[in-house]
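[1] Build me a structure from this.
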Amino acid sequence: MSLRLHRAGRFRRWLGARFGGDEILGDRLWRRSLHAIGAISLLYFAVPAGFFVVVGKEEVLLLALGIVLVLELLRHTAGLELPTLRPYEEHRIGSYVFYSLALTGAILLFPLPIAATVVLGTSLVDPLAGELRASERYRRLYPVVPLLAYGLLAVVGLALLGRWPLGVSVGLALLVAPVAIAIEWPKVPWIDDDLAMTFVPALALYAVGVVVLGLPS
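    Model (predicted):
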């Protein structure tokens, strides 16, 4: 009997049927939803130091990443079955691992304004862009809608959450949105788009915002 953390697709079939489709649609919607949930990782910045009595919040974040890595190890060594994995991920590192590394790295390595921007962008705009490209009905909205969405979220991350000046934040949003959408589009087997869409915009924002403009980090 194989180890598995799913119900053989029953939930995905139910979800797909609710939206007039089948398990394939349900699988896609579930993957998009799980991707969007990654935005809650920004609660890390709201948790005060010392909130976790025994360990620091950095250790808790790394522990969560460690659990993901253990699941991936079990998938390859013990045959653990996970939901929503695509066929090409069967014999390579799963995209969810790269996604977890991207979120953790962004939060621990970059200041709040940049981390908030790229986490929101990768969590919410990446699935939006993928859904638009997959739909014949809405494909014409790509890349305009993802560009606008990323730009708006960048202003939220930089100015509202990160407290950088609004005017500068708008300018940086106009700069980084095309970078993020451009780096997300190519699908190269050995480069994960979650990592690229997180770290390339983050490095661009750091170079321009912190190094060139001297904004607080």
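[2] What is the subsequent helix or strand relative to the helix or strand of the chain with the lowest mean pLDDT?
    Across the helices and strands of the chain, mean confidence by mean pLDDT, DSSP states H and E is lowest for helix 10-18: a mean of 87. The first helix or strand that comes after helix 10-18 along the chain, using DSSP states H and E, is helix 23-37.
[3] helices and strands around the helix or strand just after that next one, which ones?
    Next helix or strand after helix 23-37 toward the C-terminus (DSSP H and E): helix 57-77. Counting contacts by 3 or more Cβ pairs under 8 Å, 6 or more residues apart in numbering; DSSP states H and E, helix 57-77 packs against helix 95-109. In this view, the C-beta of every residue, glycine as well, is placed from N, C-alpha and C.
[4] buried ones in stretch 163-183?
    For stretch 163-183, a neighbour-count test (16 or more other Cβ atoms under 10 Å) marks 164, 169, 171-173, 175-177, 179-181, 183 as buried.
[5] so the least confident helix or strand of the chain versus helix 23-37, what angle?
    Calculated by axes from the mean of the first three to the mean of the last three Cα atoms, to 10 degrees, helix 10-18 forms an angle of 100 degrees with helix 23-37.
[6] Quick one: distance of helix 10-18 to the chain centre.
    24 Å (Cα atoms, centre = their mean, to the nearest Å).
[7] Could you check that helix and say which residues are buried?
    In helix 10-18, counting by 16+ other Cβ under 10 Å, buried: 12-13, 15-16.
[8] Same question for stretch 179-199.
    Buried, per 16+ other Cβ under 10 Å, within stretch 179-199: 179-181, 183-184, 192-199.
[9] of these, closest to residue 210?
    Lowest distance from residue 210 to those (Cβ to Cβ) belongs to residue 199, with 15.0 Å.
[10] Contact partners for the residue lying closest to residue 24 once chain neighbours are set aside?
    Nearest in space to residue 24, with sequence neighbours left out and distances taken as Cβ to Cβ, 6 or more residues apart in numbering, is residue 16 at 6.8 Å. With Cβ atoms under 8 Å, 6 or more residues apart in numbering as the criterion, the residues that contact residue 16 are 22-27, 29.
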